[in-house]
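[1] Show me the folded form of this:
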Amino acid sequence: MDRPPGTLDLTTKSCDLETSTQSFEYKKMKAIYHVLSDTCLTVAPSGRKLTFQPCTGLDTQIWLWTANPKFIPPEKER
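    Residues are numbered from 1 along each chain as shown. Predicted coordinates for the structure are as follows:
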């Protein structure tokens, strides 16, 4: 995932650990938070598009995340 500068849109892109536009956190309020822009991944009213909007805690910003037990954080890769 990526949020290019100057846009509210979500794009797909190969992972680049050096790119701050790809820095996300999963918050306790069940939101996918974009660190650089201080916004949350949001379903557009049409339900057909994902954008980034100010974090409000609305249902359109709630995401269920299940941890992957096979995930290896980048700092532990060899």
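[2] Now do the same contact list for residue 33.
    By C-beta atoms under 8 Å, 6 or more residues apart in numbering, the contact set of residue 33 is 24, 25, 26, 27, 39, 40, 41, 55. C-betas here are computed from N, CA, C, even on glycine.
[3] burial count for the fourth one?
    Residue 27 sits with 14 neighbouring residues when counted by other C-beta atoms under 10 Å.
[4] Contacts only, for it.
    Contacts of residue 27 (C-beta under 8 Å, 6+ apart): 33, 40, 55.
[5] how far away is residue 44 from residue 1?
    16 Å (C-beta to C-beta, to the nearest Å).
[6] ugh, wrong one, residue 38
    16 Å.
[7] Pick out whichever of those two has more residues nearby.
    residue 1 (14 against 10).
[8] Quick check: chain neighbours aside, which residue is closest to the more buried one?
    Using C-beta to C-beta, 6 or more residues apart in numbering and skipping residues adjacent in sequence, the residue nearest residue 1 is residue 10, 6.1 Å away.
[9] got it, and residue 11?
    residue 2 (4.9 Å).
[10] Can you pull the phi/psi pair for the one you found?
    Per-residue torsions, residue 2: phi -150, psi 150 (degrees, to the nearest 10).
[11] mind checking the end-to-end distance for stretch 37-49?
    Between the opening and closing residues of stretch 37-49 lies a distance of 18 Å (C-alpha to C-alpha, to the nearest Å).
[12] Now do it: distance to the chain's middle.
    On the basis of C-alpha atoms, centre = their mean, to the nearest Å, stretch 37-49 sits 10 Å off its chain's mean C-alpha point.
[13] Before I go, just wanted to say thanks for your time.
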